[in-house]
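Student: this one's sequence-less:
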């Protein structure tokens, strides 16, 4: 299992970061730049958690601190990723920005990040707190729901982004299953793999958008 999961994580990080760099370098408009930044943010943020996780399988060392800090950093960069998903929505569909909606998006993200910084999360010892795991994900889940509603309303206007709403939905559902259930039933942590596949599908949608714009 450790070999399969480690290989999967390495491929995910390589694919995500490489595609992100490619989009930024070849992107010739604001939309593509946003997608490139979002992709690199996701990949680099996840690396802080996945790299110690991979090393933990093969090196005899207590990686608890690095795994915990990695989860904290990933929680923050994942939030930033979804903020960028909001701005990608605005730019891709040429939607006039609604100040109230933007304030709500940012407020939910800031609350989520602040909750992630509370010491009760026990990041430094990598000991998950179910209460704080649920608490910090309440504003994050609301943010996700808002984005799903936005993208599902526009799904017929762009064939390359028509399934983004589904990928976001599945990523949140799978993530919440892990947050709520993995501490009691560790096998549920395996749902992080299909969650990661949802991220890859979002990134591939970005890559397809790049390919279409550079033809």
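Tutor: Ah, there it is. Being a predicted model, the structure only gives us computed values, none of them experimental.
Student: Show me where the chain dips below the pLDDT cut-off.
Tutor: 1, 215 (pLDDT under 70).
Student: Name the residue most distant from the centre of it?
Tutor: residue 60 (29.3 Å; CA atoms, centre = their mean).
Student: what helix or strand is residue 70 on?
Tutor: Following DSSP states H and E, one finds residue 70 within helix 64-92.
Student: Which strands and helices lie in contact with that helix?
Tutor: Using 3 or more CB pairs under 8 Å, 6 or more residues apart in numbering; DSSP states H and E, the elements in contact with helix 64-92 are helix 30-58, helix 99-116, helix 130-153, helix 164-181. The C-beta positions use only the backbone N, C-alpha and C, and glycine is treated the same way.
Student: Measure how that helix sits relative to helix 164-181, angle-wise.
Tutor: If you take axes from the mean of the first three to the mean of the last three CA atoms, to 10 degrees, helix 64-92 sits at 160 degrees to helix 164-181.
Student: Now do the residue most central in space within the chain against residue 194, distance only.
Tutor: Using CA atoms, centre = their mean, the residue of the chain that lies closest to the mean C-alpha position is residue 78, 4.0 Å off. According to CB to CB, to the nearest Å, residue 78 stands 16 Å off from residue 194.
Student: sorry, back to before: let's have the helices and strands packed on helix 64-92 in a markdown table, adding mean neighbour count.
Tutor: Listed next are the helices and strands packed on helix 64-92 as a markdown table, based on neighbours: other CB atoms under 10 Å:
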| stretch | mean neighbour count |
| --- | --- |
| helix 30-58 | 20 |
| helix 99-116 | 15 |
| helix 130-153 | 17 |
| helix 164-181 | 19 |
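Student: And the ones you listed: which comes nearest residue 190?
Tutor: Of all the helices and strands packed on helix 64-92, the one in closest proximity to residue 190, counting by CB to CB, is helix 164-181 (8.5 Å).
Student: That closest one: what's the following helix or strand?
Tutor: Immediately after helix 164-181, counting by DSSP H and E, sits helix 192-213.
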